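Trainee: coords below, sequence missing:
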């Protein structure tokens with residue numbers, strides 16, 4: 001019996017993995033898990049419970065970090081919240097809608113373009129105003145309600161989360177929508193000091209950073225923030241921009 005060489009065995013292993021929706025790219029002796037499409041639905045990685053808009057506190061254990069893969073990237077499509085360069089209304093206040101639209105297109109596999117994003121922002125903003133009575137500055141729970149009512153998706157809000165809670169969702173193939181104090185994350189591409197309140201999508205992580213699709217800038221695709229910096233800035237909307245840093249830590253996970 002002839003054994004495969006180390007190189008041949010690695011190539012065979014890679015070929016097998018490429019047949020699935022998640023594949024591995026080997027570099028620096030550590031695998032990067034890349035989700036090209038939503039994984040098969042399974043138990044909630046944090047609670048194993050389902051609800052339309054479930055509110056739950058973090059239940060992370062000390063063993064989570066050691067079980068997580070070192071690098072994960074979810075291939076979520078991108079367009080900014082001002083896809084055609086217009087930062088007037090409703091686009092100026094459309095970070096929540098835009099983040100939700102990106103996740104929806106990842107879940108469904110539908111095409112994304114600046115024109116598509118523009119049309120969906122306007123349609124969603126009109127729906128929010130006419131059917132739900134709100135549009136600007138929505139909480140994680142309110143954004144989850146839009147995901148449920150507008151798209152028919154499941155939405156789960158997690159409170160008092162940790163960095164490892166976020167990573168666990170990403171490792172399960174779930175993009176994570178986060179509300180945050182926009183002026184605390186230091187993005188140099190924001191206008192002025194940046195927004196008081198902002199939402200973006202975490203689509204991956206590596207050893208040091210969270211990888212995001214930040215709809216607040218046209219340069220936001222795959223934008224990296226240090227994990228601790230982004231985590232420290234996570235605050236749900238309180239109703240007052242000056243009070244945003246007192247907002248509870250929350251994340252929104254939208255699934256089909």
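Mentor: Yes, it's here. Not measured: the values here are computed from a predicted model. Numbers count the residues shown, from 1 in each chain.
Trainee: Please look at residue 229 and residue 187 and confirm they touch.
Mentor: No - taking contacts as Cβ atoms under 8 Å, residue 229 lies outside contact range of residue 187: 10.3 Å. For glycine as for every other residue, the C-beta is placed from the backbone atoms N, C-alpha and C.
Trainee: between those two, who's got more neighbours?
Mentor: residue 187 (19 against 13; other Cβ atoms under 10 Å).
Trainee: Surely that one touches residue 217?
Mentor: Yes - contact criterion Cβ under 8 Å: residue 187 and residue 217 qualify, at 6.5 Å.
Trainee: Quickly list what's touching both of the two.
Mentor: residue 223 (Cβ atoms under 8 Å, 6 or more residues apart in numbering).
Trainee: now the helices for the stretch 101-250 of the chain?
Mentor: Assigned by DSSP state H, counting those that start in this stretch, the helices in the stretch 101-250 of the chain fall at 114-127, 140-146, 163-171, 227-233.
Trainee: List of residues touching the first one?
Mentor: By that I understand helix 114-127. By Cβ under 8 Å, 6+ apart, helix 114-127 touches 79-81, 83-84, 90-91, 94, 97-98, 100-101, 135, 146, 149-150.
Trainee: Repeat the analysis, applying 10 Å as the threshold.
Mentor: 77-86, 89-91, 93-94, 96-98, 100-102, 104-105, 110, 112-113, 135-136, 146, 149-151, 215, 218 (Cβ atoms under 10 Å, 6 or more residues apart in numbering).
Trainee: Quick one, which of these are buried?
Mentor: Neighbour counting with 16 or more other Cβ atoms under 10 Å marks 77-83, 90-91, 93-94, 96-98, 100-102, 104-105, 112, 135-136, 146, 150-151, 215, 218 as buried within the contacts of helix 114-127.
Trainee: Without its sequence neighbours, what residue ends up closest to residue 78?
Mentor: Closest residue to residue 78 apart from its sequence neighbours, by Cβ to Cβ, 6 or more residues apart in numbering: residue 221 at 3.9 Å.
Trainee: Show me the beta-bridge partners of that neighbour.
Mentor: residue 213 (DSSP bridges).
Trainee: quick one: it from residue 132, how far?
Mentor: 29 Å (Cβ to Cβ, to the nearest Å).
Trainee: quick one, which of the two is more surrounded?
Mentor: Neighbour totals were compared for residue 221 and residue 132, and residue 221 leads with 18 against 14 (other Cβ under 10 Å).
Trainee: my read: that one touches residue 213, true?
Mentor: Yes - between residue 221 and residue 213 there is a contact under Cβ atoms under 10 Å: 5.8 Å.
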